[in-house]
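Undergrad: 3D model of this:
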Amino acid sequence: MIRALVAVTLALTACTGGGDGNGGGGDDAVGSPIDAPGAGTVELVAPPPTGAGEVPTFEWRPVEGAATYQVVVQDGQGNAVWSWQGEATSVALGGVPDRPAAAEGPVLSAGSSWSVAALDAQGHVVAVSVLRPVSP
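TA: Residues are numbered from 1 along each chain as shown. From the prediction side, this is the model:
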């Protein structure tokens, strides 16, 4: 788990400049994938950059060789505010699908962004996504 968090932190730190059009980032991306030999690109599918709602579901395409995925959501200042790790290729913010409106948990704020790292069974980075903006 620690290795995965370090990998995602490195991936997010390496995200600078505009999107490069690889994978699902396209023009909506705010960063490019980590420059790691052999690392592929995770293609982000949903939510859209705007109109995602306060508790969106994040979705991406499966990556060959990935055993788990690490999702990180950042606020408008670039601070990590929520992360998740698991085998699924989608997860609702907070990790609880169909969370009741009155239930406590993280909510998305304007100017947020998200990224996914795909990890192999040993916890090594297989692929990373661009850092994509997302707002309610």
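Undergrad: Check the burial of residue 100 by counting its neighbours.
TA: Neighbour count for residue 100, taken as other Cβ atoms under 10 Å: 9. Quick note: C-beta positions are derived from backbone N, CA and C, even for glycine.
Undergrad: Look up how far residue 57 lies from it.
TA: 15 Å (Cβ to Cβ, to the nearest Å).
Undergrad: Tell me what the residue most central in space within the chain is bridged to.
TA: Relative to the mean C-alpha position of the chain, the nearest C-alpha, by Cα atoms, centre = their mean, is the one of residue 115, at 2.3 Å. When assigned by DSSP bridges, residue 115 has beta-bridge partners residue 72.
Undergrad: ok, it touching residue 134?
TA: No. Applying Cβ atoms under 8 Å, one finds residue 115 not in contact with residue 134, separated by 10.4 Å.
Undergrad: Could you check how far stretch 70-87 is from the centre of its chain?
TA: Between the centre of stretch 70-87 and the centre of its chain there are 7 Å (Cα atoms, centre = their mean, to the nearest Å).
Undergrad: contact partners of stretch 91-101?
TA: 54-58, 71, 73, 82, 84, 103, 105-108 (Cβ atoms under 8 Å, 6 or more residues apart in numbering).
Undergrad: same thing but at 6 Å, please
TA: Residues from elsewhere that reach stretch 91-101 (Cβ atoms under 6 Å, 6 or more residues apart in numbering): 55, 56, 57, 58, 71, 84, 105, 106.
Undergrad: which ones are touching the nearest residue to the fifth one once chain neighbours are set aside?
TA: If I follow you right, that is residue 71. Closest residue to residue 71 apart from its sequence neighbours, by Cβ to Cβ, 6 or more residues apart in numbering: residue 84 at 4.7 Å. Residues near residue 84 by Cβ under 6 Å, 6+ apart: 71, 91, 95.
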